[in-house]
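K.L.:
I'll drop the sequence and a predicted model, then ask my questions.
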Amino acid sequence: MDKKIFLLPGELFVSREPVEIDTLLGSCVAICLFNRKQCFGGMNHFMLSHPPLGTVASGKHGDYSSKILIQKMLSFDQNTQNLEAFVLGGGNVTGHLSIGAGIGAKNIILAKQILEEYRIKITHKDIGGILGRKVYFKNWNGEIIVKKIEKSIQSRAIEQKRMDLAKRRIKVLIVDDSALIRSIITEAISIDPQIEVVGQAENPYVAREIMLEKDPDVLCLDIIMPKMDGITFLKKLFLYKPKPVIIISTVAQKGSKLREQAQRIGAVDVIDKEDLELYNGMDVVRSALINKIKAASKVWVQKKTKEELAK
């Protein structure tokens, strides 16, 4: 048997011919149905239990997809007693295999409900958990092979970071040679209960000491400063102790070489100070910065080599 089919989210496949049906699952769920009397089967792969309000049901939705799968199987043999089901997936995963919190659990419940409705016995389950799955279903003999997908270093780091931040406020360090600007930014963002300014530094040397003591989650960094400029400090950060950095500088206008250089080094965002209207009240600063800081806190950054930083 050489024929293989790979199912994407929203697809299903049924065949009386021998086929290996494969798929990749995160929070999605697959139902495999096998007719043990006639030795054939099929599989679906759905993303959500039900369509959102105001949308049309499709193969991406379990209540629609699963019924179509069952109907296709019954078109060859109407006796549901000859069918057995395997329910797979529904993991509480993070990263590219995830489509939202709690989605996997809802998908599992939906799959069980529909199979119970049609009185189809579930003979095998590999569901839940925190890992994705590679699924291989041999539809001619009902054999299922499930291989767990181990999380990458990046996925594990992102998950750990999110869990950590859920328990406390986001720690922010502001690095700017202007005491007035440091004060304005501090006052503007401190209104948010999820943000805590743990330090202000007038230059990168002071910032280094605060980082060692406070371990901030996000840095707001100027470029033009005495003793060491922000670009040089950004390079040192990514060489030794990378952190999510938002550049806030008057020399970081859109299209400027310094802006492009900061982004290339690893800054998660770059803001022109003029856009913040720092001397016209707090509203613009708050609306521009708070969401960016929250987004930056969730970004995973990693060290770079001297060769990478020299490009």
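P.N.:
Received, thanks.
K.L.:
contacts only, for residue 241.
P.N.:
Counting by CB atoms under 8 Å, 6 or more residues apart in numbering, residue 241 touches residue 211. All C-beta atoms are positioned from the backbone trio N, CA, C, and that covers glycine.
K.L.:
let me redo that: residue 303
P.N.:
238-240, 242.
K.L.:
out of these, which sit inside helices?
P.N.:
238-240 (DSSP state H).
K.L.:
could I get these as TSV with distance to residue 189, neighbour count and pLDDT?
P.N.:
What follows is those, written out as TSV (distance: CB to CB, whole Å; neighbours: other CB atoms under 10 Å; pLDDT from 0 to 100):
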residue	distance to residue 189	neighbour count	pLDDT
238	24	21	93
239	28	15	92
240	26	9	93
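K.L.:
can you tell me which of those comes closest to residue 91?
P.N.:
Nearest to residue 91 out of those is residue 238 (CB to CB; 32.7 Å).
K.L.:
returning to that earlier point: redo the contacts of residue 303 as TSV? Include distance to residue 268.
P.N.:
As requested, those are exported to TSV (distance: CB to CB, whole Å):
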residue	distance to residue 268
238	11
239	17
240	18
242	11
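K.L.:
residue 106: which of those is nearest?
P.N.:
residue 242 (36.6 Å).
K.L.:
spell out the secondary structure type for residue 140.
P.N.:
Assigned state for residue 140: coil (three-state reduction, DSSP: H, G, I helix; E, B strand; the rest coil).
K.L.:
tell me the pLDDT at it?
P.N.:
What the model reports for residue 140 is a pLDDT of 97.
K.L.:
same check on residue 273?
P.N.:
Per the predicted model, pLDDT is 91 at residue 273.
K.L.:
and for the closest residue to it other than its chain neighbours, the neighbour number?
P.N.:
Distances taken as CB to CB, 6 or more residues apart in numbering place residue 250 nearest to residue 273, at 4.6 Å, with adjacent residues excluded. Using other CB atoms under 10 Å, residue 250 has 11 neighbouring residues.
K.L.:
correct me, but residue 250 touches residue 224?
P.N.:
Yes - contact criterion CB atoms under 8 Å: residue 250 and residue 224 qualify, at 7.3 Å.
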